[in-house]
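J.: got a predicted structure here, sequence first:
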Amino acid sequence: MTRGSKDPQLTIDDIHSNPACISKAITTRSGLELTFRPIQKTDAAMLGRYFLGLSEELKALYAPHPFDQATADQLCAAVETDFIRMVGVLLGAQKQEASTSSARLDDQEQGASTSSARLEGEGRGEGEIIAYFILQLSTPPHEIERYANVGVAITAEDTCRVAPSVTDAYQNQGVGSPLMQHIAWIARQLGRKNMVLMEGVYGHNARARHYYQKTGFREVGTFTPTWSAGRPCFDMIMMLD
Ligand SMILES: CC(C)(COP(=O)(O)OP(=O)(O)OC[C@H]1O[C@@H](n2cnc3c(N)ncnc32)[C@H](O)[C@@H]1OP(=O)(O)O)[C@@H](O)C(=O)NCCC(=O)NCCS
């Protein structure tokens, strides 16, 4: 069992035995209806399609692991104790609607709504995965040290890490924002006090930096890792208290 430093309402064991306890029906501000839920064994083919469909541009910004079918197979078969992998699955028959709706998005800032009743009630099957978020329940020493160097004290036990992605065709439509809010809710239920970015965010990734700020993260430091070809990255943290 993995516990944080606050009293958790949920443990990873609870989630393994009942994945639905962290699943949520989400309607985005543009009207897309999604289920946001943990990956399951039967998702391998669908997750593989998501991975293989990601653009080179996206993969240059987001590289937590290889994006191939073998990785999708492995992740869906695994029972992980330190990671929760969530997928945003579009309910059936919305693809056309989504591709024609972007023109009116700017006028629809009323925010996302959620409704599990609607998901149960409509009886529509799942369509495709359009988002994949990794939540790591602990934080490794090298990341803790970087935060300590800028005066932010975090521990492996009280701080989780997140790595979000929304597939290219659905970016900038208000999909990622409600999903991040729900990830923060899960982290709180697990007793975590803070959430940080997995290996930071590239300084040149202006959209992600704006997205993180808008969803409650603040920038606390900059660093240039060996793998970034000299490009600076930013550490960002969300306080979950
Ligand atoms: C980052 C990401 C997860 C956000 O998901 P999303 O569904 O696109 O997010 P949203 O639509 O909810 O919000 C995106 C915001 O960025 C804004 N944005 C888009 N391009 C931007 C730019 N070049 N500069 C600044 N802001 C920008 C959008 O206007 C929107 O903000 P608003 O709602 O205030 O108008 C998604 O874009 C993604 O997967 N990007 C590629 C992978 C990546 O960078 N992952 C993070 C690695 S650290």
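T.: Received it, and whenever you're ready, just let me know what you need. Residues are numbered from 1 along each chain as shown.
J.: please count neighbours and contacts with C-alpha atoms only from this point.
T.: Fine.
J.: what is the burial count for Asp13?
T.: 12 (other CA atoms under 10 Å).
J.: pretty sure it sits in a helix.
T.: Yes. Per DSSP: H, G, I helix; E, B strand; the rest coil, Asp13 lies within a helix segment.
J.: got the residues of the protein near the ligand?
T.: 58, 61-62, 164-167, 171-177, 201, 206-208, 210-211 (CA under 6 Å from any ligand atom).
J.: make it 5 Å
T.: Counting by CA under 5 Å from any ligand atom, the chain comes close to the ligand at 58, 61-62, 164-166, 171-177, 201, 206-208, 210-211.
J.: pull out the buried members of these.
T.: Tyr62, Pro164, Ser165, Val166, Gln173, Gly174, Val175, Gly176, Ser177, Val201, Ala208, Tyr211 (16 or more other CA atoms under 10 Å).
J.: any idea which of those residues is closest to Leu10?
T.: Pro164 (21.7 Å; CA to CA).
J.: now do the contacts for the nearest residue to that closest one once chain neighbours are set aside.
T.: Once flanking residues are discounted, Pro164 sits nearest to Phe133: 4.3 Å by CA to CA, 6 or more residues apart in numbering. Phe133 is in contact with Arg85, Met86, Val87, Val162, Ala163, Pro164, Ser165, counting by CA atoms under 8 Å, 6 or more residues apart in numbering.
J.: cutoff 7 Å now
T.: Arg85, Met86, Val87, Ala163, Pro164, Ser165 (CA atoms under 7 Å, 6 or more residues apart in numbering).
J.: the helix or strand harbouring the third one - what's its average pLDDT?
T.: With the criterion set as DSSP states H and E, the secondary-structure element containing Val87 is strand 83-91. For strand 83-91, the mean per-residue pLDDT is 97.
J.: give me the below-cutoff pLDDT ranges for the protein.
T.: Across the chain, the ranges flagged by pLDDT under 70 are 1-6, 93-124.
J.: longest strand in it, please.
T.: Assignment by DSSP state E gives strand 126-136 as the longest strand of the chain.
J.: run through the helices of this structure in chain order.
T.: Per DSSP state H, the chain carries helices over the ranges 12-17, 44-53, 56-61, 69-77, 95-101, 116-122, 141-149, 176-189, 206-214.
J.: so which of those helices gets nearest Ile129?
T.: Nearest to Ile129, of those and by CA to CA, is helix 44-53 at 6.2 Å.
J.: got JSON lines for the helices of the chain, with distance to Met236 too?
T.: Supplementary listing: the helices of the chain in JSON lines, determined by distance: least, CA to CA, whole Å:
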{"stretch": "helix 12-17", "distance to Met236": "25"}
{"stretch": "helix 44-53", "distance to Met236": "25"}
{"stretch": "helix 56-61", "distance to Met236": "16"}
{"stretch": "helix 69-77", "distance to Met236": "26"}
{"stretch": "helix 95-101", "distance to Met236": "31"}
{"stretch": "helix 116-122", "distance to Met236": "31"}
{"stretch": "helix 141-149", "distance to Met236": "9"}
{"stretch": "helix 176-189", "distance to Met236": "14"}
{"stretch": "helix 206-214", "distance to Met236": "8"}
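J.: return the most buried member of those helices.
T.: Most buried of the helices of the chain, by mean neighbour count (mean count of other CA atoms under 10 Å): helix 176-189, with a mean of 20.
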